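Q: Could you look at this predicted model? Sequence included:
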Amino acid sequence: MKLFKQSLKAIACTLFVIYSFNCDSTEVTSEPDFNLINTTEVEGYTVQLFSESNFITGGNTLYWSIKKDGKTAELRSFSVTPMMDMGMMQHSTPYTQPKAYDEFPAYYTNDATFIMPSGEMGTWDIKFTMVTMADEEISGSIDITVDSSWHLTSVKDSNDQMYFISWNTPRNPTSGSNDIVIMLYKRETMMSFPMVADADVSIYPYMDMGSGQGHSTSFTDPVATADGAYMGNITYNMSGTWTTTVSVITAQNDTLPDVVFEYNVQAK
């Protein structure tokens, strides 16, 4: 009996040590590791906009923090509208409305596909409106900068309808297998850019080796997913400069002119 009790005590001590080690080795992160894009103050609220990297033409994920008196503000709703001011003309871009960020519920997150860079042509800001728990509506705006990138291109069909094709991921392709996500949008008005979720999309990756030599590599054509994205795969067999031709046939059987993305593939 004495030996049995000693064994139970040893097991209990072992479990305690293991449990204590696991608890001590678990890193608790209270804040996400994002880059701060900009901050603005409006009627006692601090609105901060974050992203994982600088904004570029093409797909971007935005993260929002809204605080009052240093604490996360409880809101009935929070909505946004990205706007490009070109002086004589203004327009928006494809985007989604913010929703609670699952990993960090104190933050809101949404997507925006910026269709042109900041610069001499115009400047970007994001208008926002929040409704407090007391049903007070508060509006403001936050300035942003969008850098030019290879991730976005546009094309018109035979009826002069403008489409935007965004290479969302990977942002920086590497040698080996890469899952790719392509988004397709149609410009209906300067404020409306609905997603085209029912097209037939095909790709052709190619590396030009010079002197008329070149080769493709293993790839899978993108297929439409439930959320409207087109997901495929390219397995780059070497690093260097690649092009990928994207061909699109819409559900109305309109064939868009091919577009070509040119980019650099880094070695792993």
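A: Received, thanks.
Q: Show me the shaky parts of this protein.
A: 1-30 (pLDDT under 70).
Q: domains of it?
A: With domains defined by automatic domain parsing, the chain comprises 35-144, 152-265.
Q: Same list, these, but as JSON lines with mean neighbour count please.
A: Heads up, the C-betas are built off the backbone N, CA and C, glycines and all. Shown next, in JSON lines, are the domains of the chain (neighbours: other CB atoms under 10 Å):
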{"stretch": "domain 35-144", "mean neighbour count": "16"}
{"stretch": "domain 152-265", "mean neighbour count": "15"}
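Q: next one: stretch 125-132 to chain centre, how far?
A: Its chain's C-alpha centre and that of stretch 125-132 lie 20 Å apart, by CA atoms, centre = their mean, to the nearest Å.
Q: Asn233 belongs to a strand?
A: Yes: the assignment for Asn233 (DSSP: H, G, I helix; E, B strand; the rest coil) places it in a strand.
Q: Tell me the bridge partners for it.
A: Asp179, Thr220 (DSSP bridges).
Q: Make 236 the starting number, not 1.
A: That works, and once the first residue is 236, the last one we named lands at Asn468.
Q: That one touches Ile417, doesn't it?
A: No: look at Asn468 against Ile417 with CB atoms under 8 Å: they stay out of range, at 11.7 Å.
Q: residue boundaries of the strands in the stretch 386-503 of the chain?
A: With strands called from DSSP state E, counting those that start in this stretch, the stretch 386-503 of the chain shows them at 387-391, 397-404, 411-421, 435-445, 448-450, 453-459, 465-471, 475-484, 494-500.
Q: What helices and strands are in contact with the fourth one?
A: This means strand 435-445. Applying 3 or more CB pairs under 8 Å, 6 or more residues apart in numbering; DSSP states H and E, we find strand 435-445 packed against strand 411-421, strand 448-450, strand 453-459, strand 465-471, strand 475-484.
Q: now Met318: how far from Asn273?
A: According to CB to CB, to the nearest Å, Met318 stands 15 Å off from Asn273.
Q: now swap in Thr380 and tell me
A: Thr380 sits 9 Å away from Asn273, going by CB to CB.
Q: same check, this time on Asn499
A: Applying CB to CB to Asn499 and Asn273 gives a distance of 29 Å.
Q: what's the answer for Ser384, then?
A: Counting by CB to CB, the gap from Ser384 to Asn273 is 19 Å.
Q: Repeat that for Lys362.
A: To Asn273, Lys362 is 13 Å away according to CB to CB.
Q: How many neighbouring residues does the nearest residue to Trp402 once chain neighbours are set aside have?
A: Once flanking residues are discounted, Trp402 sits nearest to His386: 4.7 Å by CB to CB, 6 or more residues apart in numbering. Residues lying near His386 (other CB atoms under 10 Å) number 21.
Q: ok, His386 - contacts?
A: Contact analysis of His386 by CB atoms under 8 Å, 6 or more residues apart in numbering lists Ile291, Thr292, Gly293, Gly294, Ser401, Trp402, Asn403, Arg406, Phe496.
Q: Bridging across strands, which residues link to the fourth one?
A: If I follow you right, that is Gly294. Beta-bridge pairing for Gly294 (DSSP bridges): Thr348.
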